[in-house]
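K.L.:
show me the folded form of this:
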Amino acid sequence: MTPEAAFEAERPRLTRLAYRMLGERGAAEDVVQETWLRWSKTDTSTINNPAAWLTRAASRLAIDALRKAKARREDYIGPWLPEPEVTPFEDDEDNDAARAERVSLGFLHVLERLSPDERAAFILHDAFDCGYDEIAVALNKSEVACRKLVSRARERVRSGRPRFETDRAQQQRIVSAFMAAAFAGDAAQMKTLLTEDAIVYSDGGGKARAALRPLVGPDDAVQVLMNVARKYAGVPGRSFPVSVNGQYGLAIETAEGLSTIYTADIENGRIARLFIIRNPDKLERAKAALTGLPHVTRGKPTPTNT
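P.N.:
Next comes the predicted model:
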């Protein structure tokens, strides 16, 4: 196999690794491109395991990129959310394998609480089945240190993840019911669909109207969402289902184009975390992916500026 072919065989895996590390598709592709440049300048005839070499290189580059990104995100306006991977929604079950390779937006958001080294060790071990010996080489640490990193990361991740997995059919039912209640101005129904400790994150990045802080608890969340729903009740728009990182999501389109993506983490039949993406920079890839998609849900406009 040629060096080019060896790299291309690993490119999808490296991209998934970098995206899990960074939460940004463009930044992930930059890491993969830099990995290729280093690979192309290396005497690959001396490398017995190209996949391991490429994984180490991509991991180190992703760690460096994440450190720089975290510094930038400290000045981000409002809550920072990962860039969603949006594709047309499909009701059939033929794409279970493809969805299984994706990681939910909520899980990526939880990963933000980890340090770069914790995140890399956790992802390499739990998502990519790398041994501690491989992780030690990639992170330039001892195996004992890497075990501690993974253990610490698991604890921090566990405390922020939904306690139960939810299938897409239930996600669709609950998120759709919540948005229908918002359309109707039914605050009581909205509250019944939120957990007692529900949090709403709205990411506008200073480029689109959005809440500048997380909305904590049903009362706080519903009050803000209802105010927005009333304000934009007369704005023409349409909504349609999409797949967001393999989960159910709702896209909102106005006369100006795609404006908002909604998705949620569900616990015990209610929304525990609602994620609202409004930053236009994070919607660019979604726009391209959804171009020409039929708008299968029509009616009252969804609140578009939360």
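K.L.:
ranges for the helices of the stretch 101-250 of the chain?
P.N.:
105-111, 116-122, 132-139, 143-158, 168-184, 187-192, 218-231 (DSSP state H, counting those that start in this stretch).
K.L.:
residue ranges with poor pLDDT in the stretch 201-306 of the chain?
P.N.:
By pLDDT under 70, the weakly predicted segments of the stretch 201-306 of the chain are 231-235, 292-306.
K.L.:
let's see that with 50 instead.
P.N.:
Scanning the stretch 201-306 of the chain for pLDDT under 50 picks out 294-306.
K.L.:
how near is residue 114 to residue 255?
P.N.:
40 Å (C-beta to C-beta, to the nearest Å). Yep, even glycine has a C-beta here, placed from its N, CA and C like the rest.
K.L.:
could you do residue 133 as well?
P.N.:
56 Å.
K.L.:
on that earlier part again, between residue 114 and residue 255, which has more neighbouring residues?
P.N.:
Of the pair residue 114 and residue 255, residue 114 is the one with more neighbours under other C-beta atoms under 10 Å, namely 20 against 8.
K.L.:
which of the helices of the stretch 101-250 of the chain sits closest to residue 289?
P.N.:
Residue 289 lies closest, by C-beta to C-beta, to one member of the helices of the stretch 101-250 of the chain: helix 105-111, at 14.9 Å.
K.L.:
who's in contact with that closest one?
P.N.:
20, 23, 81-82, 84, 119, 122-123, 157, 160-162, 201, 244-245, 247, 263-265, 273, 275 (C-beta atoms under 8 Å, 6 or more residues apart in numbering).
K.L.:
would you mark the buried spots in stretch 282-289?
P.N.:
For stretch 282-289, the neighbour count (16 or more other C-beta atoms under 10 Å) marks 282-283, 286 as buried.
K.L.:
got the residues you listed as CSV, with distance to residue 74 and secondary structure columns?
P.N.:
Output for the buried residues of stretch 282-289, formatted as CSV (distance: C-beta to C-beta, whole Å; DSSP: H, G, I helix; E, B strand; the rest coil):
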residue, distance to residue 74, secondary structure
282, 18, helix
283, 23, helix
286, 26, helix
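K.L.:
so can I have TSV of the residues you listed showing distance to residue 12?
P.N.:
Formatted as TSV, the buried residues of stretch 282-289 follow (distance: C-beta to C-beta, whole Å):
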residue	distance to residue 12
282	22
283	23
286	20
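K.L.:
of those residues, closest to residue 43?
P.N.:
Of the buried residues of stretch 282-289, the one sitting nearest to residue 43 (C-beta to C-beta) turns out to be residue 282, at 39.7 Å.
K.L.:
using PDB, write out every CA atom in stretch 242-254.
P.N.:
What follows is stretch 242-254, C-alpha atoms only, in PDB (Å, rounded to 0.1, in the frame of the first residue of the first chain):
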ATOM      1  CA  VAL A 242     -33.000  16.900  10.800                       C
ATOM      2  CA  SER A 243     -30.400  14.600  12.200                       C
ATOM      3  CA  VAL A 244     -28.000  16.300  14.600                       C
ATOM      4  CA  ASN A 245     -25.000  14.200  15.300                       C
ATOM      5  CA  GLY A 246     -27.100  11.100  14.800                       C
ATOM      6  CA  GLN A 247     -29.900  12.400  17.100                       C
ATOM      7  CA  TYR A 248     -33.300  14.000  16.300                       C
ATOM      8  CA  GLY A 249     -33.200  17.700  15.800                       C
ATOM      9  CA  LEU A 250     -35.300  20.500  14.500                       C
ATOM     10  CA  ALA A 251     -34.200  23.100  12.000                       C
ATOM     11  CA  ILE A 252     -35.800  26.600  11.600                       C
ATOM     12  CA  GLU A 253     -35.700  28.500   8.400                       C
ATOM     13  CA  THR A 254     -36.800  32.100   7.900                       C
END
